[in-house]
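Asker: one predicted model, sequence on top.
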Amino acid sequence: MAPLDTDTLLRELDPVVEQNLDRHLAVAKEWMPHEYVPWSDGRNFAMLDGEPWSVEQSTLSSTARTALEVNLLTEDNLPSYHREVERAFGRDSAWGTWVNRWTAEEGRHAFCIRDYLLVTRGVDPDELERARMETMEVGYDSGDKQLLNVCAYVSFQELATRVSHRNTGTYTQDPIAEKLLARVAMDENLHMIFYRNIVQAALEIAPDQTVQAIADEVASFQMPGSIIPGFNRKAVAIAKAGIYDLRIHHDDVVMPLLRQWKIFELEGLGPEGEKARRQLEDSLAALDAAASRFVEQRAAAAAKRQARQQRS
Ligand SMILES: [Fe+2]
Ligand SMILES: [Fe+2]
């Protein structure tokens, strides 16, 4: 089957988007970001004759601070993501309505995480602001991804963000942060379901093309926050803490979606689709092997640390 062009795909998928938009609006419960912020913990900073920030004011561990900062800066870059989805989905019909609704929901994620961090003095606010400026000035650029690639990417990305917010919340051991991030993660989950359903429908309309898009996105997946200053170093700390690592990425993000889409049970793929599915298998094997190596190395390092502590 010849590949469908973007206009045809947009048109063919439009009823599915409309149906899923209605579904989303019916299940997405209204919530108030300000209700999750412990305002009474807040006080002025230096310029208003208050106290400047210093690290001992934070009750969070250094890794918890890093994870929260990465999650927040990722959310902060929303204008770039809006630009990307608007470019791919357009402004018309249910696609355009979804773009605005999704953007409005995403907007509150950064507000409430920032409010929480500022009033609790969880992270250095100057450093945070400088990192925000830098992140947004770089911006996020998907490199003109095609429609189906965008749909596949955001399915994985929304699920990755959900897992990462959830695990960060648990890691902080602060019940307020945990509750806040669990609420944000519920939004991400509904976003994931929306995109997952679009990809599901695309697999029926254009199976070969969609399998190719999924294979491409699994092979090249990068977190949207990968442009944050010092991201690699921060991602390593987050992975070492088990908040988000390759094992989690493989087991809790990539595989559940592939299973849901029944990628390996699909029948009737053409030669291109079959080739893409083999590529996907290869990427999964490589990801799984890298995940196992990482977990082994982490366990070995932890055992070494423990032995050292016992000796001293
Ligand atoms: Fe978000
Ligand atoms: Fe989201």
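Answerer: Structure received. Ligands and ions are numbered 1, 2, ... in the order given.

Asker: what number of residues lie near the closest residue to ligand 1 within the stretch 1-150 of the chain?
Answerer: Here the stretch 1-150 of the chain gets closest to ligand 1 at one residue, residue 109, 3.8 Å apart by Cβ to the ion. C-beta: built from backbone N, CA, C; applies to glycine. Residue 109 has 25 neighbouring residues, counting by other Cβ atoms under 10 Å.

Asker: kindly report the same for residue 282.
Answerer: Residue 282 - counted by other Cβ under 10 Å - has 12 other residues nearby.

Asker: quick one: mean pLDDT over the strand or helix carrying it.
Answerer: Assessed by DSSP states H and E, residue 282 sits inside helix 271-311. Averaging pLDDT along helix 271-311 yields 96.

Asker: likewise for stretch 169-182?
Answerer: 98.

Asker: just to revisit the earlier point, now the residue of the stretch 1-150 of the chain closest to ligand 1. Nearest residue, chain neighbours left out?
Answerer: residue 75 (4.3 Å; Cβ to Cβ, 6 or more residues apart in numbering).

Asker: try residue 42
Answerer: residue 119 (3.5 Å).

Asker: isn't the one you found up against residue 37?
Answerer: Yes. Shown here, residue 119 and residue 37 form a contact pair, counting by Cβ atoms under 8 Å, at 6.1 Å.

Asker: these two: which is more packed in?
Answerer: Legend: neighbour count by other Cβ under 10 Å for residue 119 and residue 37, higher for residue 37 (22 against 16).

Asker: which residues of this structure fall in helices?
Answerer: 6-27, 62-76, 78-89, 93-119, 125-138, 147-172, 175-205, 207-220, 231-240, 246-248, 255-260, 271-311 (DSSP state H).

Asker: how about these in CSV, adding distance to residue 33?
Answerer: Below are the helices of the chain laid out as CSV (distance: least, Cβ to Cβ, whole Å):
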stretch, distance to residue 33
helix 6-27, 19
helix 62-76, 12
helix 78-89, 14
helix 93-119, 4
helix 125-138, 18
helix 147-172, 14
helix 175-205, 8
helix 207-220, 30
helix 231-240, 24
helix 246-248, 26
helix 255-260, 28
helix 271-311, 34
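
Asker: so which of the ones you listed gets nearest residue 56?
Answerer: helix 62-76 (12.1 Å; Cβ to Cβ).

Asker: and the closest one, what other elements does it pack with?
Answerer: In this structure, helix 62-76 makes packing contacts with helix 93-119, helix 125-138, helix 147-172, helix 231-240, judged by 3 or more Cβ pairs under 8 Å, 6 or more residues apart in numbering; DSSP states H and E.
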